[in-house]
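Peer 1: Got a sequence here, can you model it:
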Amino acid sequence: MITVSTSKIAARAYHHGDLRSALVEAGLEALKTTAIADMSLRQLARDVGVSATAVYRHFPDKQALMRALAAEGVEQLGRFQKAEADGAENQAEAFAATGRAYVRFALAHPALFRLAFSQNEPVGETVFGENLAAQMLQDKASRATGGNPTETRRLMIQAWSVVHGLAMLMLDKQLPTDDALINSVIDPATLFPR
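Peer 2: Numbers count the residues shown, from 1 in each chain. Below you'll find the predicted structure:
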């Protein structure tokens with residue numbers, strides 16, 4: 001989770017000339033308290049201490065900013081999943097750990113999670129892109145299926161469907177937000193029965 005005060009963002013953008021990153025950080029911060037529909041480039045410009053015109057050099061419209069925030073959300077998701085998988089004792093547990101991390105990330109960052117999957121182009125064969133999260137999913141599915149391309153794709157879609165579905169059911173209050181439930185649904189013993 002990124003926690004940055006807007007005053008630090010403004011100072012860094014001004015001193016380092018990295019306005020695009022400062023705007024993305026301000027946008028991520030704004031997502032915590034502001035509905036996507038209510039976010040504005042002008043407000044973000046005020047938050048980072050620049051003119052509205054300066055924002056348009058990096059983001060021609062709000063949609064461009066939303067795509068940048070979505071991409072950052074997917075990158076954060078991948079880093080969170082990797083950190084969880086790195087501590088696993090075997091491949092099956094690492095695969096399950098990435099799934100549990102997916103759901104927990106969604107619950108911790110609901111607006112960013114929803115934005116991340118509403119702003120991406122359809123990705124087809126890659127399942128959900130060429131980012132770290134997608135690469136880990138493909139790698140872990142490939143290992144679990146012995147590299148069989150048809151089975152790998154099936155397992156990728158199956159695993160993504162389970163974790164995304166569970167995340168959405170919890171976000172939409174159809175299921176309780178419960179760590180024990182996440183662990184029982186995304187359990188290597190039941191996901192990979194022998």
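
Peer 1: so where's the chain shaky on pLDDT?
Peer 2: 1-16, 120-129, 192-194 (pLDDT under 70).

Peer 1: Which helix in it has the most residues?
Peer 2: Assignment by DSSP state H gives helix 62-86 as the longest helix of the chain.

Peer 1: ok, residues contacting that helix?
Peer 2: With Cβ atoms under 8 Å, 6 or more residues apart in numbering as the test, helix 62-86 has contacts from 2, 20, 23-24, 27-28, 31, 36, 39-41, 44, 59, 94-95, 97-98, 100-102, 104-105, 109, 112-113, 115-120, 128-129, 131-136, 140. The C-beta positions use only the backbone N, C-alpha and C, and glycine is treated the same way.

Peer 1: Show me how this protein divides into domains.
Peer 2: Here the domain parsing of the chain from automatic domain parsing is 6-60, 65-191.

Peer 1: Need those domains in JSON lines (columns: mean neighbour count).
Peer 2: Converted to JSON lines, the domains of the chain look like this (neighbours: other Cβ atoms under 10 Å):
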{"stretch": "domain 6-60", "mean neighbour count": "17"}
{"stretch": "domain 65-191", "mean neighbour count": "17"}
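
Peer 1: Run through the helices of the protein in chain order.
Peer 2: Counting by DSSP H, the helices of the chain are 6-16, 19-31, 41-48, 52-56, 62-86, 91-108, 110-118, 132-144, 149-171, 179-185, 188-191.

Peer 1: What's the end-to-end length of stretch 53-62?
Peer 2: 13 Å (Cα to Cα, to the nearest Å).

Peer 1: ok, now stretch 175-182?
Peer 2: 10 Å.

Peer 1: contact partners of that stretch?
Peer 2: With Cβ under 8 Å, 6+ apart as the criterion, stretch 175-182 contacts Arg100, Val103, Arg104, Leu107, Leu166, Leu169, Met170.

Peer 1: The fourth one contacts Leu169, doesn't it?
Peer 2: Meaning Leu107. No: counting by Cβ atoms under 8 Å, Leu169 is not a contact partner of Leu107; they are 11.1 Å apart.

Peer 1: Pull the contacting residues for Phe59.
Peer 2: Phe59 touches Arg20, Leu23, Leu41, Leu65, Ala68, counting by Cβ under 8 Å, 6+ apart.

Peer 1: Kindly reformat these as a markdown table and extend each row with distance to Gly146.
Peer 2: A markdown table is the format used below for the contacts of Phe59 (distance: Cβ to Cβ, whole Å):
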| residue | distance to Gly146 |
| --- | --- |
| Arg20 | 43 |
| Leu23 | 45 |
| Leu41 | 49 |
| Leu65 | 43 |
| Ala68 | 38 |
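
Peer 1: from these, which is closest to Thr150?
Peer 2: Checking the contacts of Phe59 against Thr150 by Cβ to Cβ gives Ala68 as the nearest, at 34.9 Å.
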